[in-house]
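Engineer: only the shape, not the letters, is given here:
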């Protein structure tokens, strides 16, 4: 099923994440920022302008070149990689490894780059139970479960060895006046190869996610924050 969307389609994920991070920078007095998996140039520019020191890590060389051309400091490499110094904020937003066995090394290296009293922040869909969880369950006739709960448990187990993780949740929204826009994005997101399920997805969305001005599909994001405590000498 081709993902062709109409002009009425909107998805505010980048905006919601950007606003949360900018508010965090402001309230926590962040001066230096390491962005692992930076990706989107306009978001990176907002972050760069909000702090004294901003460094992006981006493994996609095309995206890395765009960031560099905009005057943003960037390391064109997969993380972990060699990075000098430490940062008040180390962020990985939807860019953690998909293989859970990589979590211990990945997060250990990320945490090492956090300044004393600084923060490691992870933004992920793993562990959320939202509209997509509900659609997935109805489509497959199973109970409603958090997304990739096993990986989330692995993630939290590793993070608890580093510090005291706190979890917050933010919600982004897909909207359109055209039902097929939402149907197509759900179909692609579920990685569902059964085209016979399209009509069932359409029925679920019409039943549960219709408003007076179109179709609204909320997506939750887990935000996990660990503050690195300064070592006390004495």
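Structural biologist: Alright, I've got the coordinates. For clarity, every value in this text was computed on a predicted model and none was experimentally measured. Numbering: from 1, shown residues only.
Engineer: how far away is the residue positioned nearest the centre of the chain from residue 221?
Structural biologist: Central residue of the chain (CA atoms, centre = their mean): residue 94, 3.0 Å from the mean position. The spacing between residue 94 and residue 221, counted by CB to CB, to the nearest Å, is 8 Å. C-beta here means a position set from N, CA and C on the backbone, and glycine is covered the same way.
Engineer: quickly list what's touching both of the two.
Structural biologist: Common neighbours of residue 94 and residue 221, counting by CB atoms under 8 Å, 6 or more residues apart in numbering, are 123, 124, 125.
Engineer: over to the nearest residue to the first one once chain neighbours are set aside: give its phi and psi.
Structural biologist: Right, the one you point to is residue 123. Computed as CB to CB, 6 or more residues apart in numbering, the closest residue to residue 123 that is not its neighbour in sequence is residue 93, at 4.1 Å. Backbone geometry at residue 93, expressed as degrees, to the nearest 10, gives phi -110, psi 110.
Engineer: what's the answer for residue 101, then?
Structural biologist: The phi/psi pair for residue 101 (degrees, to the nearest 10) is phi -70, psi -20.
Engineer: quick check: which ranges of the protein have low pLDDT?
Structural biologist: Along the chain, the parts satisfying pLDDT under 70 run over 1-4, 192-193, 230-234.
Engineer: all strands of it, in order?
Structural biologist: Counting by DSSP state E, the chain has strands at residues 10-11, 32-36, 53-57, 73-75, 87-93, 114-124, 166-176, 210-211, 214-227.
Engineer: same list (these) but as a markdown table, adding distance to residue 195.
Structural biologist: Formatted as a markdown table, the strands of the chain follow (distance: least, CB to CB, whole Å):
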| stretch | distance to residue 195 |
| --- | --- |
| strand 10-11 | 23 |
| strand 32-36 | 36 |
| strand 53-57 | 38 |
| strand 73-75 | 40 |
| strand 87-93 | 32 |
| strand 114-124 | 29 |
| strand 166-176 | 21 |
| strand 210-211 | 23 |
| strand 214-227 | 20 |
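Engineer: in CSV, list the ones you listed along with mean neighbour count and distance to residue 134.
Structural biologist: Converted to CSV, these look like this (neighbours: other CB atoms under 10 Å; distance: least, CB to CB, whole Å):
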stretch, mean neighbour count, distance to residue 134
strand 10-11, 16, 18
strand 32-36, 24, 31
strand 53-57, 21, 34
strand 73-75, 18, 38
strand 87-93, 24, 24
strand 114-124, 20, 19
strand 166-176, 15, 14
strand 210-211, 10, 14
strand 214-227, 19, 10
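Engineer: so for residue 65, which of these sits nearest?
Structural biologist: strand 73-75 (8.5 Å; CB to CB).
Engineer: which secondary structure elements does that closest one contact?
Structural biologist: For strand 73-75, the packing partners by 3 or more CB pairs under 8 Å, 6 or more residues apart in numbering; DSSP states H and E come out as strand 53-57, helix 61-69.
Engineer: so what strands line up beside the first one?
Structural biologist: What that stands for is strand 53-57. Applying DSSP bridges, strand 53-57 is found paired with strand 32-36 (parallel), strand 73-75 (parallel).
Engineer: who wins for proximity to residue 153 among the ones you listed?
Structural biologist: Closest of these to residue 153 is strand 32-36, at 21.7 Å (criterion: CB to CB).
Engineer: got the angle between that closest one and strand 114-124?
Structural biologist: Counting by axes from the mean of the first three to the mean of the last three CA atoms, to 10 degrees, strand 32-36 lies at 40 degrees to strand 114-124.
Engineer: just how off-centre is strand 32-36 within its chain?
Structural biologist: The chain centroid and the centroid of strand 32-36 are separated by 15 Å under CA atoms, centre = their mean, to the nearest Å.
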